[in-house]
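A.B. asks: whatever this is, show me its structure:
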Amino acid sequence: MVEVSADGFPVTAWSARLGLRLPVVNAPMGAVAGGRLAAAVTAAGGLGMIGMGSAGRAAALTRELDAMGAVTPFGIGLVDWVLDAHPDLWDTALAAAPTLLSVSFGTDRSWAARAADAGILTATQVYTVADARRAADAGIDVLVARGREGGGHGDPRLPTRPLLEQVLDAVSVPVLAAGGITSAADVADALAAGASGVWLGTRLAVCPESLLAPPDRAALLAAADTVVTRAFDVALGLGWPARFPARVLRNELTDRWDGHEDTLAADPAARAAAAAAIATGDPRSAPIDAGTGIGAITTAAPAAAVLHALCRGAAQRL
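C.D. replies: Got it, this is the predicted structure:
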């Protein structure tokens, strides 16, 4: 059930329980969702998350925690297979005592009990009903139903709305909707369907508080097309499971290698050339995560302005 607060924002049982003014969590996007964005989202009334992606390390997390300052509540998002290689990242995350700790892209959920023992709420992204049931059985507190419209890495099989409905039918824990949510109507639709909140990525990536470099932000604002590919992961030799390709802006490198990842993997010279092109940071060859709603995002505004407009608009529709 969704209510509307005195200041015109939607309120769910889950957001009220966490003391949030807005039923919104920023997706913990690696190299995008740093301490400044987390602080801005929390200050606006949502739950700000710091994201540690495939390049996440303990030192980087410490740096972003310092940039966030003494802000509560806050969360941290981690990648399962990165933790295997860098266990000190887990130790640093636990020591920070976040309100919410999210670990995704793996099958080992023993981390959830360790977080619970430390008094930390837990979350994970799910892509199927089977994923959701396993996560709920592991005691994870909130699930993120991430549909194929979402930017960055994920399972591209199911659209957000049917996935959300299936997961809500399958589990009794709170569920957040993720993937392609860019407008007030999208937020209203997710909440009306039963989501406890929304998990926003691309819409907040263009905000000035994000870690994106100006050329990347400009590329997002000018873009209209995305592609789901493993080309960048193959070129860089990253450990992302094949189940989780990335939705990124279409560019010259995806035009060359999307759909030809096996050829790229078998050609060391081609991989080296692609990696060198990616290393320039030029949006024409480097990966920029983006969801399918990117074409509707043509202006950048501070996170608070974006979130308040989305949520007030959603409340009016509800």
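A.B. asks: who touches the helix or strand in which residue 102 is found?
C.D. replies: Element membership of residue 102, judged by DSSP states H and E, is strand 100-104. Contact partners of strand 100-104, identified using C-beta atoms under 8 Å, 6 or more residues apart in numbering, comprise 25, 28, 47, 49, 73-80, 83, 93-94, 111-112, 115, 120-125, 141-142, 144. Quick note: C-beta positions are derived from backbone N, CA and C, even for glycine.
A.B. asks: can you tell me which of those end up in strands?
C.D. replies: Members of those lying in strands (criterion: DSSP state E): 25, 49, 74-79, 121-125, 142, 144.
A.B. asks: make a ChimeraX selection of the buried ones in those residues.
C.D. replies: In ChimeraX, this line selects whichever of those come out buried by 16 or more other C-beta atoms under 10 Å:
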select :25,49,74,75,76,77,78,79,121,122,123,124,125,142,144
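A.B. asks: and the helices in the stretch 1-150 of the chain, which stretches?
C.D. replies: With DSSP state H, counting those that start in this stretch applied, the stretch 1-150 of the chain shows helices at 13-17, 35-44, 58-68, 80-85, 87-95, 111-117, 129-137, listed in chain order.
A.B. asks: equivalent analysis for the stretch 151-300 of the chain, please.
C.D. replies: In the stretch 151-300 of the chain, the helices defined using DSSP H, counting those that start in this stretch lie at 160-170, 184-193, 202-205, 214-222, 231-236, 252-257, 261-265, 268-279.
A.B. asks: output the ones you listed in TSV; the columns should cover mean pLDDT.
C.D. replies: Listed next are the helices of the stretch 151-300 of the chain as TSV, based on pLDDT from 0 to 100:
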stretch	mean pLDDT
helix 160-170	98
helix 184-193	98
helix 202-205	98
helix 214-222	97
helix 231-236	98
helix 252-257	97
helix 261-265	97
helix 268-279	98
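A.B. asks: circling back: name the nearest of the ones in strands among the contacts of strand 100-104 relative to residue 286.
C.D. replies: residue 79 (19.3 Å; C-beta to C-beta).
A.B. asks: and for the nearest residue to the closest one once chain neighbours are set aside, the neighbour number?
C.D. replies: The shortest distance from residue 79 to any non-neighbouring residue, by C-beta to C-beta, 6 or more residues apart in numbering, is to residue 105 (5.3 Å). Per other C-beta atoms under 10 Å, the neighbour tally for residue 105 reads 21.
A.B. asks: ok, residue 298 next?
C.D. replies: Residue 298: 12 surrounding residues under other C-beta under 10 Å.
A.B. asks: and the nearest residue in space to it that is not next to it in sequence, what is it in contact with?
C.D. replies: Nearest non-adjacent residue to residue 298, counting by C-beta to C-beta, 6+ apart: residue 221, 5.9 Å away. Residue 221 makes contact with 206, 297, 298, 299, 300 under the criterion C-beta under 8 Å, 6+ apart.
A.B. asks: now do the contacts for the closest residue in space to the first one that isn't next to it in sequence.
C.D. replies: Read that as residue 206. Closest residue in space to residue 206, ignoring its immediate chain neighbours: residue 300 at 4.4 Å, by C-beta to C-beta, 6+ apart. Residues near residue 300 by C-beta under 8 Å, 6+ apart: 206, 207, 208, 217, 221.
A.B. asks: in CSV: those residues, plus distance to residue 191.
C.D. replies: Formatted as CSV, the contacts of residue 300 follow (distance: C-beta to C-beta, whole Å):
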residue, distance to residue 191
206, 23
207, 22
208, 27
217, 28
221, 27
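A.B. asks: now the buried members of those.
C.D. replies: 206, 207, 217.
A.B. asks: residue 284 contacts residue 252, correct?
C.D. replies: Yes - using C-beta atoms under 8 Å, residue 284 makes contact with residue 252 at a distance of 4.9 Å.
A.B. asks: mind giving me the domain split of this protein?
C.D. replies: 3-211+299-316, 224-280 (the TED database).
A.B. asks: out of those domains, indicate the one that is most buried.
C.D. replies: The highest mean neighbour count among these, using mean count of other C-beta atoms under 10 Å, belongs to domain 3-211+299-316: a mean of 21.
A.B. asks: state the pLDDT value of residue 1.
C.D. replies: Residue 1 is assigned 80 on the pLDDT scale.
A.B. asks: does residue 192 touch residue 318 like I think?
C.D. replies: Yes - between residue 192 and residue 318 a contact is recorded at 6.3 Å, counting by C-beta under 8 Å.
A.B. asks: anything in contact with each of the two?
C.D. replies: With C-beta under 8 Å, 6+ apart, residue 192 and residue 318 have common neighbours residue 2.
A.B. asks: still on that earlier bit, and residue 291, which of the helices of the stretch 151-300 of the chain is closest to it?
C.D. replies: Checking those against residue 291 by C-beta to C-beta gives helix 202-205 as the closest, at 4.2 Å.
A.B. asks: show me what the closest one is in contact with.
C.D. replies: Applying C-beta under 8 Å, 6+ apart, the contact partners of helix 202-205 are 26-27, 29, 32-33, 37, 41, 151, 181-182, 210, 212, 217, 220, 289-291, 293-294, 297, 303, 306-307, 310.
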